[in-house]
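> Got a predicted structure here, sequence first:
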Amino acid sequence: MAITTFTDEHSSPIPPSRIFKASIVDSHNLIPKLMPQAIKSINIVQGDGGAGTIKQINFAKGSPFKYVKYRIDELNEESLTYGYTLVEGDSLEDKLEKITYSVKFEQSADGGSICKVTSKYYTVGEFTLKEEEVKAGKERVLAMYKAVEAFLTQNPDAYA
């Protein structure tokens, strides 16, 4: 098993607490409404939404994947940090044991936010992960982030 780590950073004009609430805390309600062409539903399988909760993302028809399950490892609305682990789903195939994500939202100098994401891919056996192989997944996550950002820009009182 090998671990491959990627770090990404995204800036947004939306204050960190608003985008955290919308994109993380209430993602299971908001994202399927904003992106029905990509996400059919996000269901809480087990738990109350906090650490230890397991959620399942069901992708829309035509997606290359059917579903993924992930476990929330950390959800801190004060420090605006979030950690989760993809534990099941056809996107893992037989090449990945799991993928862990650590997310932190910070205030930017212009009143917006900076989102820092570290992802760790735990491979099975001798499989070696290449960055281009995860690019499509990163682009899907960024599309969700941008959809939430656009919603919050158009609805300045939402998640305030």
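Now that the structure is in, tell me what you want to look at.
> Would you map the strands across the chain?
For the chain, the strands defined by DSSP state E occupy 3-12, 39-46, 54-59, 67-76, 81-89, 96-107, 113-123.
> and K130, which of the ones you listed is closest to it?
strand 3-12 (8.5 Å; CB to CB). To be clear about C-beta, it is placed using only N, CA and C from the backbone, and glycine gets the same treatment.
> can you give me how far the top helix by length along the chain is from the chain middle?
In the chain, taking DSSP state H as the definition, the longest helix is helix 131-154. For helix 131-154, the separation from the chain centroid amounts to 9 Å (computed by CA atoms, centre = their mean, to the nearest Å).
> Using TSV, please lay out the strands of the chain together with mean pLDDT, mean neighbour count and distance to E149.
Below are those laid out as TSV (pLDDT from 0 to 100; neighbours: other CB atoms under 10 Å; distance: least, CB to CB, whole Å):
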stretch	mean pLDDT	mean neighbour count	distance to E149
strand 3-12	93	13	5
strand 39-46	96	15	16
strand 54-59	96	18	19
strand 67-76	97	17	20
strand 81-89	96	18	16
strand 96-107	95	18	12
strand 113-123	94	18	9
